[in-house]
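K.L.:
here is my input; please provide its structure:
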Amino acid sequence: MTAEAPGRRRRAKPGPVPESLLLHHGLVSTVLGFPLALLASGCLNVLLGIGQDPDPAQYQLVMWSVAPLWVAIVSVMFLAPSRRACWLWLLLANAIAALVFYGVAR
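P.N.:
Take a look at the predicted model:
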């Protein structure tokens, strides 16, 4: 046995993640991740300047970027430690993306 410093506790090993938490994160990130992916795609649209000089390749890039962004958002949201964090992260990301998109697009 090793001697531990007084007042220090060992961290308990994390147990398995409840299935309801995984289902929650999956559903919330699917629902709130889609508008985030659309807004991120719109920001890419503004960044590329499609409105100035239309190019079919740029349109295709923006259109096809929605699905990989959506999948990435859903995947990353499984790292959220709690239900509250999942909601807050996605709502905050949507608000920031909307502000950027609508602020830059004007």
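K.L.:
this protein: helices as residue ranges?
P.N.:
Applying DSSP state H to the chain gives helices spanning 19-48, 56-77, 83-105.
K.L.:
model confidence for residue 39, exactly?
P.N.:
With respect to pLDDT, residue 39 scores 95.
K.L.:
skipping adjacent residues, who's closest to it in space?
P.N.:
residue 97 (3.8 Å; C-beta to C-beta, 6 or more residues apart in numbering). Just so you know, the C-beta spots here come from the backbone N, C-alpha and C atoms, and that holds for glycine as well.
K.L.:
gap between the one you found and residue 38?
P.N.:
9 Å (C-beta to C-beta, to the nearest Å).
K.L.:
more neighbours, these two?
P.N.:
Neighbours were counted for residue 97 and for residue 38 using other C-beta atoms under 10 Å; residue 97 has more, 19 against 16.
K.L.:
centre-most residue in this structure?
P.N.:
residue 73 (3.7 Å; C-alpha atoms, centre = their mean).
K.L.:
show me how far stretch 92-106 is from its chain's centre.
P.N.:
14 Å (C-alpha atoms, centre = their mean, to the nearest Å).
K.L.:
list the buried residues of it.
P.N.:
Using 16 or more other C-beta atoms under 10 Å as the test for burial, stretch 92-106 gives 93, 94, 97, 100, 101.
K.L.:
what does stretch 36-52 give?
P.N.:
For stretch 36-52, burial by neighbour count (16+ other C-beta under 10 Å) applies to 36, 37, 38, 39, 40, 41, 42, 43, 44, 45, 46, 48.
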